[in-house]
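Engineer: below are the sequence and a predicted model; questions follow.
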Amino acid sequence: MAEAETWTAPVSTRPLDATVRVPGSKSLTNRAYVLAALATGPTLVREPLVSRDTRLMLGAVSALGGGFAETEAGTRIHPIEAGSGEAVVTLGNAGTVARFTPALAALGGRTVRFDGDEAIRRRPLAPLLGALSALGAEIDDDGRGAPPFTVTGRGGLAGGDVELDSSASSQFLSALLLAGPAFGEGVRVRLTGTPPSEPHIEMTLDILRRFGAAPERSGTEFFVPPAALSCPDFTVEPDLSTAAPFVVAPLLTGGSVRVEGWPEYTTQPGDWLRSLVGELGAKVELDQTGLTVTSGGGFGGGQFDLHEVGELTPVIATLLCFADGPSVISGVAHLRGHETDRLAALATELSGLGADVTETSDGLRITPAPMHAGVFHTYDDHRLVMAGAVAGLRVPGVQVENPATVGKTFPGFVDAWTTLLEA
Ligand SMILES: O=C(O)C1=C[C@@H](OP(=O)(O)O)[C@@H](O)[C@H](O)C1
Ligand SMILES: C=C(OP(=O)(O)O)C(=O)O
C-alpha cells in the first residue's frame with residue numbers, strides 16, 4: 001500500500017500577529033439542515049460549513065426526499081416529501097449524520113439503507129436505534145446496533161415516552177429532540193445515564209426554539225411537543241471548536257491571534273476556550289467583531305475535566321505537552337468512541353514525539369518532556385491533524401499523516417494554518 005501523504009507542520013519562528021476567519025459550525029450547519037428538512041417551507045442557511053460532514057448531511061436530505069440548492073447567499077433547503085421506494089444514506093464518519101438522520105427516514109415513506117466508513121460501524125449507536133424502535137420505528141440492524149442497517153419508513157411516528165442512555169454520546173439525545181416536533185405526540189425523553197457535551201444539548205434546544213418548537217427540560221427529562229417548524233433564514237456561527245488550534249497558538253508562539261466573528265452569545269462548547277486560555281495566563285478580549293488572544297508567557301499544567309467539551313481534547317492535550325508542569329485530563333472516556341479511539345491515538349502520537357502521555361480510565365495523564373521530529377499519525381481524524389499542527393508550532397519536523405482528512409470539518413485548514421504563520 002502506498003504511504004499516505006504527509007504534511008510537515010510549520011514551526012513558528014516569531015511571535016504571531018494574525019487574524020483568522022474559521023468556517024461555519026459543523027454542529028449548527030447539520031442541525032439547521034435537519035430541522036429545515038422537517039420544516040413547512042424552504043430555509044436559507046447562510047454561511048454554512050462546506051465540508052465532508054455537511055455534504056454528507058445534504059446527501060442524506062436529498063436521499064430522504066428533500067432538496068437543496070447552493071446559492072451565493074447560502075444553502076437553500078427544501079423540506080422532505082414522504083415518497084416511497086428505496087434510498088441509501090451514506091454516513092461517512094459523521095456522527096451527526098449517523099445519529100440525526102435515521103429518525104427522518106422513519107418519518108418518511110422510503111426503505112432506507114444506512115452505511116458509511118469502517119470507522120462509523122464501530123461508533124456507538126445501539127441506544128439510539130433502541131429508543132427509535134421503542135417509539136415505533138421499523139429498524140433492521142441484524143441485532144448489531146450499528147451500520148449497516150435499514151429503516152423502513154411508514155409515513156410517520158407516533159412518538160411518546162422513551163428512556164435513553166445517552167452516556168456514550170450526547171448526539172443520541174439530540175437526535176430524538178430534533179425529530180420530536182414531527183412525531184404525532186412529540187417526544188418525552190427520560191435519561192438513564194449522564195450525557196457528555198452538555199453545550200451541544202443546549203445547542204439542540206436553542207435551535208429548536210429558533211425553528212418555532214417549544215422544547216422543555218427539567219433536569220434529566222426532556223419534552224418536545226409537536227410543532228410546525230419554520231425558520232426561513234438561519235445564519236451559522238463560525239465553528240469555535242475548529243478555532244481551537246488558532247486560539248491556543250499564541251500560548252506556544254507568543255504574540256496574538258484574532259478570530260473574526262466570534263459570537264458574543266453562543267451555545268458552542270468552543271466558547272469555553274476563552275476561560276481556558278485566560279486561566280493559562282493569556283489576555284483574552286472579546287468585542288462585537290471577534291476574539292483576540294495574546295500570550296502571557298509560559299503556562300502551568302493542571303487538572304481539566306473536559307466531559308462537557310470533549311471534542312476540544314486533541315488540541316488541549318497537545319497544548320498541555322508544552323506546559324511548565326504535568327496535567328491530567330478527565331471526564332472523556334467517551335472519546336474512545338469518536339472518529340477513532342482518541343485517547344489511544346493521542347497517547348501514542350504525543351508520546352511518539354517525546355512527551356510522556358498515558359491513558360487513564362477516563363482521560364490522559366500528560367508529563368511534558370523534550371519533543372522531537374516524527375510522523376504524527378492521524379487515524380482519519382480531522383482533530384488529530386489539528387493536534388499535529390499545534391505540536392509542530394514548537395517541534396521542527398512533525399510530519400502530519402494524511403492532512404486531507406481534516407476536510408471532515410475544515411477543508412482549508414492547511415492553507416489557513418500556513419497563512420497564520422506567514423502573517
Ligand atoms: O451534537 C453535536 O453536534 C456534537 C456532539 C458531540 O458529540 P459527543 O457527545 O458524541 O461527544 C461532539 O463531540 C461532536 O463533535 C458534535
Ligand atoms: C466527535 C466529532 O465528530 P462527530 O460529529 O462525527 O461525532 C468531532 O468533530 O470531534
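Structural biologist: Noted; the coordinates are in hand. Numbering: from 1, shown residues only. Ligands and ions are numbered 1, 2, ... in the order given.

Engineer: could I get the full set of helices for this structure?
Structural biologist: Ranges of helices in the chain, per DSSP state H, are 26-37, 52-63, 95-100, 102-107, 118-122, 126-134, 170-179, 198-210, 244-253, 273-279, 313-320, 342-352, 382-392, 413-422.

Engineer: is any residue of the longest one near ligand 1?
Structural biologist: Right, the one you point to is helix 198-210. Yes. Remark: helix 198-210 sits within contact range of ligand 1 at residue 200, by CB under 6 Å from any ligand atom. No exception for glycine: its C-beta is placed from N, CA and C like everyone else's.

Engineer: who in the protein is up against ligand 1?
Structural biologist: Within reach of ligand 1 by CB under 6 Å from any ligand atom, the chain has these residues: 27, 95-96, 169-171, 174, 196-197, 200, 310-311, 334.

Engineer: try 8 Å this time
Structural biologist: 26-27, 30-31, 95-96, 99, 168-171, 174, 195-197, 200, 203-204, 241, 269, 310-311, 334-335, 337-338 (CB under 8 Å from any ligand atom).

Engineer: got a list of what the closest residue to ligand 1 within the stretch 201-350 of the chain touches?
Structural biologist: Residue nearest to ligand 1 within the stretch 201-350 of the chain (CB to the nearest ligand atom): residue 311, separated by 3.7 Å. Taking CB atoms under 8 Å, 6 or more residues apart in numbering as the criterion, residue 311 is in contact with 197, 241, 269, 338, 383.

Engineer: most neighbours among these, please name it.
Structural biologist: Among the contacts of residue 311, the one with the most neighbours (other CB atoms under 10 Å) is residue 383, at 30 neighbours.

Engineer: just to revisit the earlier point, and residue 221, which of the helices of the chain is closest to it?
Structural biologist: helix 170-179 (11.2 Å; CB to CB).

Engineer: CA-only coordinates of that closest one in CSV, if you can.
Structural biologist: Extracted in CSV, the C-alpha atoms of helix 170-179 (Å, rounded to 0.1, in the frame of the first residue of the first chain):
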residue,chain,number,x,y,z
SER,A,170,-25.0,13.4,23.5
GLN,A,171,-26.0,13.0,19.9
PHE,A,172,-28.5,10.2,20.8
LEU,A,173,-30.5,12.7,22.8
SER,A,174,-30.1,15.5,20.3
ALA,A,175,-31.4,13.1,17.6
LEU,A,176,-34.6,12.4,19.4
LEU,A,177,-35.1,16.1,20.4
LEU,A,178,-34.5,17.3,16.8
ALA,A,179,-37.1,14.9,15.3
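
Engineer: between helix 126-134 and that helix, find me the angle.
Structural biologist: With axes from the mean of the first three to the mean of the last three CA atoms, to 10 degrees defining the directions, helix 170-179 sits at 30 degrees from helix 126-134.

Engineer: pLDDT of helix 170-179, averaged?
Structural biologist: Helix 170-179 carries an average pLDDT of 98.

Engineer: stretch 319-336 too?
Structural biologist: Summarised as a single mean, pLDDT over stretch 319-336 is 98.

Engineer: how far off centre is it?
Structural biologist: 19 Å (CA atoms, centre = their mean, to the nearest Å).

Engineer: end to end on it, go ahead and measure it.
Structural biologist: Counting by CA to CA, to the nearest Å, you get 20 Å between the two ends of stretch 319-336.

Engineer: in it, which residues are buried?
Structural biologist: 319-323, 327-336 (16 or more other CB atoms under 10 Å).

Engineer: now swap in stretch 381-391 and tell me
Structural biologist: Result for stretch 381-391 [16+ other CB under 10 Å]: buried residues 381-391.

Engineer: likewise for stretch 43-53?
Structural biologist: Those would be 43-45, 47-53, for stretch 43-53 by 16+ other CB under 10 Å.

Engineer: quick one: residues in contact with it.
Structural biologist: For stretch 43-53, contacts defined as CB under 8 Å, 6+ apart pick out 23-26, 29-30, 32-33, 35-36, 54, 70-71, 73-77, 92, 94, 96-97, 230-236, 239, 407-411.

Engineer: which ones among these are found in strands?
Structural biologist: Under the assignment DSSP state E, the contacts of stretch 43-53 contribute 70-71, 74-77, 233-235 to strands.

Engineer: which one of those is nearest ligand 2?
Structural biologist: Lowest distance from ligand 2 to those (CB to the nearest ligand atom) belongs to residue 75, with 18.3 Å.

Engineer: count the neighbours of that closest one for me.
Structural biologist: Applying other CB under 10 Å, we find 25 residues neighbouring residue 75.

Engineer: give me every residue that touches it.
Structural biologist: Going by CB under 8 Å, 6+ apart, residue 75 touches 33, 44-45, 48, 58, 68-69.

Engineer: what sits opposite the nearest residue to residue 350 once chain neighbours are set aside in the beta ladder?
Structural biologist: In space, and not counting its chain neighbours, residue 350 is closest to residue 357: 4.3 Å by CB to CB, 6 or more residues apart in numbering. Under the criterion DSSP bridges, residue 357 forms beta bridges with residue 366.

Engineer: tell me the contacts of residue 357?
Structural biologist: 317, 321, 346-347, 350-351, 364-367 are the contacts of residue 357 under CB under 8 Å, 6+ apart.

Engineer: repeat that for 7 Å
Structural biologist: 321, 346-347, 350-351, 364, 366 (CB atoms under 7 Å, 6 or more residues apart in numbering).

Engineer: circling back: closest one of the contacts of residue 75 to residue 189?
Structural biologist: Looking across these and measuring by CB to CB, the closest to residue 189 is residue 33, at 21.8 Å.

Engineer: touching, that closest one and residue 61? I think so.
Structural biologist: Yes. Residue 33 lies in contact with residue 61 (CB atoms under 7 Å); the separation is 5.8 Å.

Engineer: hmm, back to that, which of the buried residues of stretch 43-53 fall within strands?
Structural biologist: 43-45.

Engineer: now render these as JSON lines, adding distance to residue 419 and pLDDT.
Structural biologist: As requested, these are exported to JSON lines (distance: CB to CB, whole Å; pLDDT from 0 to 100):
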{"residue": "43", "distance to residue 419": "33", "pLDDT": "98"}
{"residue": "44", "distance to residue 419": "30", "pLDDT": "98"}
{"residue": "45", "distance to residue 419": "27", "pLDDT": "98"}
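
Engineer: wait, which of those residues is closest to residue 155?
Structural biologist: residue 43 (22.5 Å).

Engineer: leaving out chain neighbours, which residue sits closest to the closest one?
Structural biologist: What sits nearest to residue 43 in space, not counting adjacent residues and going by CB to CB, 6+ apart, is residue 36, at 3.6 Å.
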